[in-house]
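Peer 1: Give me coordinates for this.
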Amino acid sequence: MALFKKRTAGKPGEWYYCLEHKKVEEGPECPAKDRFGPYPSRAEAEQAMQTARERNLEWENDPKWHDPGPGEGRGTGPGAG
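Peer 2: Residues are numbered from 1 along each chain as shown. Down below sits the predicted model:
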């Protein structure tokens, strides 16, 4: 049994954006918890934070995201009546 986990080898042509070091890297150099990707090009990895901001804004403005679920906000939950 290995005491240490083997790091994932980087693949040429896969680009990542490291959140901790704020830099683009080819192949995963940093742990998965600290990176976005993979991206097909360096340019797309460089735009990772902008892409994340745009997606977050889309989700925040998505009416389905804020749609009350069953029993929420429609007079059917506890105390309704």
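Peer 1: does Phe36 sit in a helix, a strand or a coil?
Peer 2: At Phe36 the chain is in strand, as set by DSSP: H, G, I helix; E, B strand; the rest coil.
Peer 1: And it, how far from Lys64?
Peer 2: Phe36 sits 24 Å away from Lys64, going by CB to CB, to the nearest Å. The way it works is simple: take the backbone N, C-alpha and C, and place the C-beta from them, glycine included.
Peer 1: How are the helices of the chain distributed by residue range?
Peer 2: Counting by DSSP state H, one finds helices in the chain at the ranges 42-46, 48-60.
Peer 1: Go through the ones you listed and pick out the most buried.
Peer 2: Among the helices of the chain, helix 42-46 has the highest mean neighbour count (mean count of other CB atoms under 10 Å), at a mean of 15.
Peer 1: Other residues contacting that one?
Peer 2: By CB atoms under 8 Å, 6 or more residues apart in numbering, the surrounding residues in contact with helix 42-46 are 15-17, 24-26, 36-37, 39, 51.
Peer 1: quick revisit: turn the helices of the chain into TSV, columns for mean pLDDT and distance to Pro31.
Peer 2: Formatted as TSV, the helices of the chain follow (pLDDT from 0 to 100; distance: least, CB to CB, whole Å):
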stretch	mean pLDDT	distance to Pro31
helix 42-46	97	16
helix 48-60	94	16
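Peer 1: This completes my enquiry, with thanks.
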